[in-house]
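> Below: sequence and its predicted model.
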Amino acid sequence: MTAATPTQTNASPITTASPLATPAEPGLIALWPDAPAPNEQWTLRNGLRVLRNVASPALLPVLPPAGQGNGRAVLVVPGGGFRFLAIDHEGLEVAQALAQAGYTAYVLKYRVLPTAVDSATFVAEYDRFIASALSRPADERGRGGSAPAPAVDDARLALRWLRGHSAVAQFDAERIGYVGFSAGALIGRALVEAPEPGAVPHSLALLYGSMLALPDDRPAASLPPLFLAMADNDPLFGRQGFALVESWQRAGQRVELHWYERGDHGFGMQTLGCTSDAWFDAYRAWLARQ
């Protein structure tokens, strides 16, 4: 886990941002094979790497050690307010930990809203976005928010791709998990709110996303077992109550909730000295039983 302080979260203003060289991405799977060359930007934001201006969906595979695969896969979907992807502490580091536990993991690079190429302009834009979100009363923050259609379409495309390539990658097409963070949790929620064939995961883990109830017209059969993790001091979603848990209970489906005293919004795989640091161990134990 990366070391950080509780202020280095996706809901924090940006204190520093600087461009980074594009790293090697071994095994990158373009979900649009004929798409033009990407013009993505890797940025160091508050000491953590993020990826901006993703215009073409892709998967970054992280495989288990040779001979140690358990025949299961997980799609890892980072957050970032749909302005960037928190590619490390909500993406690659999660995938690496899953791979060490035997899972074939794939980090989804989904389409995000365009942001300014210039770092200083990006900082100003994002800080205005966060300030606007936090200016609302605590119990209204995050209400009405939904995942943009392109991002949801990318997740559906990724799940269908995984099912179609499961035999080659040696995992069970009917045991594909999904773990999403913040914006990635909103995407995961959309997958079950408006289910489509081949695009609903076998298990669903949503970290610090909306806790509001699902629409009543959503098919109960679309709900997979659910794992939820949230910090009580989350400034965006921490005052929404537990209606999402009740949606699963009404549908008769299994749900597990971890409500941590502290951790803010965007703890991911960071080590913050809070009990939220233990969320991954809890998730791994839950996932093994699904």
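Done, it's in.
> ok, now how distant is Ser247 from Val152?
Here Ser247 is placed at a distance of 18 Å from Val152 (Cβ to Cβ, to the nearest Å). Every C-beta, even on glycine, is put in place using the N, C-alpha and C of the backbone.
> Could I get the contacting residues of Lys109?
40, 51, 54, 57-60, 85, 87 (Cβ atoms under 8 Å, 6 or more residues apart in numbering).
> ranges for the helices of the stretch 51-200 of the chain?
93-100, 119-134, 149-164, 166-169, 183-193 (DSSP state H, counting those that start in this stretch).
> Mean neighbour count, the ones you listed: which tops it?
helix 183-193 (a mean of 25; mean count of other Cβ atoms under 10 Å).
> Find the residue closest to Trp32 in space, skipping its chain neighbours.
Nearest in space to Trp32, with sequence neighbours left out and distances taken as Cβ to Cβ, 6 or more residues apart in numbering, is Ser56 at 5.1 Å.
> Surely that neighbour touches Pro150?
No - if you go by Cβ atoms under 8 Å, Ser56 and Pro150 don't touch, sitting 10.5 Å apart.
> Find residues that contact each of these two.
Arg111.
> looking at the chain, which residue ends up farthest from its center?
Going by Cα atoms, centre = their mean, the residue of the chain most distant from its centre is Gly67, 27.7 Å out.
> Pull up the per-residue confidence for that residue.
The model reports Gly67 with a pLDDT of 95.
> separation between it and Thr104?
If you go by Cβ to Cβ, the gap between Gly67 and Thr104 works out to 13 Å.
> repeat for Ala58
Ala58 is 16 Å from Thr104, by Cβ to Cβ.
> Out of the helices and strands in the chain, which is least certain?
strand 2-3 (a mean of 44; mean pLDDT, DSSP states H and E).
> export the following helix or strand past it as PDB, just CAs?
Following strand 2-3 in sequence order, the next helix or strand is strand 17-20 (DSSP states H and E). The C-alpha trace of strand 17-20 is given here as PDB (Å, rounded to 0.1, in the frame of the first residue of the first chain):
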ATOM      1  CA  ALA A  17       0.100  18.600 -10.200                       C
ATOM      2  CA  SER A  18       2.800  17.900 -12.700                       C
ATOM      3  CA  PRO A  19       3.100  16.000 -16.000                       C
ATOM      4  CA  LEU A  20       4.700  12.500 -16.100                       C
END
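> Please name every helix or strand in contact with strand 17-20.
strand 41-45, helix 119-134 (3 or more Cβ pairs under 8 Å, 6 or more residues apart in numbering; DSSP states H and E).
> ok, it: who's next to it in the sheet?
strand 41-45 (antiparallel) (DSSP bridges).
> tell me the angle of the partner strand relative to helix 119-134?
Strand 41-45 and helix 119-134 are oriented at 70 degrees to each other (axes from the mean of the first three to the mean of the last three Cα atoms, to 10 degrees).
> just to revisit the earlier point, the helices of the stretch 51-200 of the chain: which one's closest to Leu75?
helix 149-164 (5.8 Å; Cβ to Cβ).
> contact partners of that closest one?
So helix 149-164 is contacted by 29, 31, 57, 59, 73, 75, 77, 82, 106, 108, 110-112, 169, 173, 176, 178, 183, 187-188, 190-191, 194, 196, 198-201 (Cβ under 8 Å, 6+ apart).
> Would you write out the PyMOL command that picks the buried residues out of those?
In PyMOL, this line selects whichever of those come out buried by 16 or more other Cβ atoms under 10 Å:
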select buried, resi 29+31+57+59+73+75+77+82+106+108+110+111+112+176+178+183+187+188+190+191+199+200+201
